[in-house]
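Engineer: Structural data only, the sequence is not supplied:
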């Protein structure tokens with residue numbers, strides 16, 4: 001990675017049993033993250049941003065005390081629900097989770113037990129835009145140095 005590249009840190013954590021198993025929700029989220037990473041790299045590279053994925057395992061004992069911490073994603077230090085203006089819900093999960101009430105993501109009237117690719121991509125792109133100062137905040141200097149740009153217009 002070139003020195004002048006910014007990193008977009010993506011952290012995902014999920015339950016992993018002593019046998020190495022995880023639930024279907026977490027398995028689906030894993031597949032979605034793996035699928036979205038090459039797209040993010042391709043889209044963000046010209047902007048000087050490199051997405052970096054870190055995964056963390058939650059042991060079964062720790063999970064039992066905090067099942068809503070499993071299948072959680074943070075992008076650039078903020079939760080995916082913050083980026084997507086979503087809320088966190090819960091619903092009964094599978095046998096790997098021991099029937100725990102596991103994390104869901106709620107956006108409007110839709111509930112997602114597994115976090116789909118398009119939501120991860122959307123949140124990551126919002127985070128990348130924010131890191132470039134593309135939030136449109138006055139005084140951010142976003143457009144001041146661009147030819148033809150009129151700040152505040």
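Structural biologist: Yep, it's here. Here the structure is a predicted model, which is why all the values come from computation and not from measurement. Numbering: from 1, shown residues only.
Engineer: just checking, residue 102 touches residue 71?
Structural biologist: Yes. If you go by CB atoms under 8 Å, residue 102 and residue 71 touch, sitting 6.7 Å apart. All C-beta spots, glycine's among them, are computed from the backbone N, C-alpha and C.
Engineer: any common contacting residues for those two?
Structural biologist: Between them, residue 102 and residue 71 share these contacting residues under CB atoms under 8 Å, 6 or more residues apart in numbering: 23, 25.
Engineer: Buried residues, the least confident helix or strand in the chain by mean pLDDT. List them.
Structural biologist: Using mean pLDDT, DSSP states H and E, the weakest-scoring helix or strand in the chain turns out to be helix 60-65, at a mean of 88. The neighbour-count check on helix 60-65 (16 or more other CB atoms under 10 Å) flags 60, 63 as buried.
Engineer: Check stretch 78-94 too.
Structural biologist: For stretch 78-94, burial by neighbour count (16+ other CB under 10 Å) applies to 79, 80, 81, 83, 84, 86, 89, 93.
Engineer: from those, which single one is nearest residue 126?
Structural biologist: Ranked by distance to residue 126 (CB to CB), these are led by residue 83 at 4.9 Å.
Engineer: what's near enough to touch the closest one?
Structural biologist: 75, 122, 123, 126, 127.
Engineer: On the three-state scheme, the fourth one is what?
Structural biologist: Judged by DSSP: H, G, I helix; E, B strand; the rest coil, the three-state class of residue 126 is helix.
Engineer: ok, it - contacts?
Structural biologist: 83, 84.
Engineer: Quick check: the gap between it and residue 97.
Structural biologist: 29 Å (CB to CB, to the nearest Å).
Engineer: Could you do the third one as well?
Structural biologist: Taking CB to CB as the measure, residue 123 and residue 97 are separated by 24 Å.
Engineer: Same question for the first one.
Structural biologist: Between residue 75 and residue 97 the distance is 24 Å, computed by CB to CB.
Engineer: Just the buried residues of the helix or strand where residue 37 lies, please?
Structural biologist: Using DSSP states H and E, residue 37 maps to helix 24-44. Of the residues in helix 24-44, 25, 26, 28, 29, 30, 32, 33, 36, 37, 40, 44 count as buried by neighbour count, 16+ other CB under 10 Å.
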